[in-house]
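Engineer: Starting from these lines, generate the structure:
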Amino acid sequence: MKSRASFTIDSNVLAKLDSVVDNIYYRSKSEAVEDILRKFFERQNTAIILCGGEFKVAGTELYRPLVKINDATVIENIVNRLRLNNFRNIMISGKTELLKQIFTLLKNGEGYGVDIKYVDDNNLKGSARALERVKQYVGSTTLFVTGDSVFDIDLKDMLKFHIAHNSPASIAVSVAQDRTEQTSDKLMMKGNKIVHYEKLNDTYNSKMVPTSVFMLDQDVFKYIPPGDMTWDIKRDLLPLLAKDGLLFGYIYNGTWVNVKTKDDIDKAVKIVKQ
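Structural biologist: Coordinates of the predicted model:
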């Protein structure tokens, strides 16, 4: 089904459009505009925001993605950062009740300059199972970020890093030179390659903190076993990828926080202000 549209356009751009109408490849300006726009939207990168699990701020009934950080919620901050870095095809995965509240806020993303679709992950056992639920939307490279993340990562640069290393998995690793941060994710690196990844039961102080922002290709799905067993991204999937030499760390001197507690909200406010 086609619809008629009316809009103004710069005369120089119009002249270039006229030049590509050659009655061979394009027979009309309308045909040329439609094809050019379709290719533009196909080039938009895809991001999937994971909002599964309990996902409430500790000691409250407030969902983490809906926490207000200055003038916008956490999920709005994520969507705006994705748009600025050309990740405009967005999937949001989570429990039905949370998705309803997010949809009330974001709708289909038109007001934010993106396209948003929603996928429920009800009754799934572990975050890696949520990856399986959105497998059909994963292209050559897809950005994944948890819906409680506040960060200042240069996602365009991270995408270049991921493509350059020709590996199915990359994770952003925050490195602070002047301080240590609490983390329960332990890793060992050789150059940019993560040779060991482990999710601990307790936290420890480290200058190297793996974030919940990572890029994955289709090849990672063979590391998620079939069946009904619980399978988690950081506890199960990433350690296997590291063991096989397929996980790379994108090092950046920035900040990142998962908004899990009221103290985390204060940290997130500082990040957004910066």
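Engineer: okay, CA-based contacts and neighbour counts for the rest of this
Structural biologist: Will do.
Engineer: Which helix or strand contains Asn205?
Structural biologist: Using DSSP states H and E, Asn205 maps to strand 193-206.
Engineer: cool, and Leu187?
Structural biologist: Using DSSP H and E, Leu187 falls in strand 181-190.
Engineer: which residues touch that strand?
Structural biologist: 194-210, 249 (Cα atoms under 8 Å, 6 or more residues apart in numbering).
Engineer: Buried residues, the strand holding Asn205. List them.
Structural biologist: Buried residues in strand 193-206, counted by 16 or more other Cα atoms under 10 Å: 193-199, 206.
Engineer: who does the helix or strand that comes right after it pair up with?
Structural biologist: With elements assigned by DSSP H and E, the helix or strand that comes after strand 193-206 is strand 208-216. Strand 208-216 sits in its sheet next to strand 142-146 (antiparallel), strand 169-175 (antiparallel), going by DSSP bridges.
Engineer: ok, residues contacting strand 208-216?
Structural biologist: Residues outside strand 208-216 that contact it (Cα under 8 Å, 6+ apart) are 141-146, 149, 159, 162, 168-176, 180-181, 183, 185, 256-258.
Engineer: tell me the mean pLDDT over the helix or strand just after that strand?
Structural biologist: Downstream of strand 208-216, the next assigned helix or strand under DSSP H and E is helix 238-243. Across helix 238-243, the average pLDDT comes to 96.
Engineer: helices or strands up against helix 238-243?
Structural biologist: Applying 3 or more Cα pairs under 8 Å, 6 or more residues apart in numbering; DSSP states H and E, one finds that helix 238-243 makes contact with strand 193-206, strand 247-252.
Engineer: quick revisit: and the angle from the strand holding Leu187 to strand 208-216?
Structural biologist: 70 degrees (axes from the mean of the first three to the mean of the last three Cα atoms, to 10 degrees).
Engineer: taking the mean pLDDT, what do you get for strand 181-190?
Structural biologist: 93.
Engineer: now that strand, how far from the chain's geometric center?
Structural biologist: 21 Å (Cα atoms, centre = their mean, to the nearest Å).
Engineer: And the furthest pair within the buried residues of strand 193-206?
Structural biologist: Lys193 and Ser206 (18.2 Å; Cα to Cα).
Engineer: nearest spatial neighbour of Ile171, skipping sequence neighbours?
Structural biologist: Spatially, and ignoring its direct neighbours in sequence, Ile171 is nearest to Phe214 (4.1 Å; Cα to Cα, 6 or more residues apart in numbering).
Engineer: Please report the distance of that neighbour from Tyr63.
Structural biologist: 22 Å (Cα to Cα, to the nearest Å).
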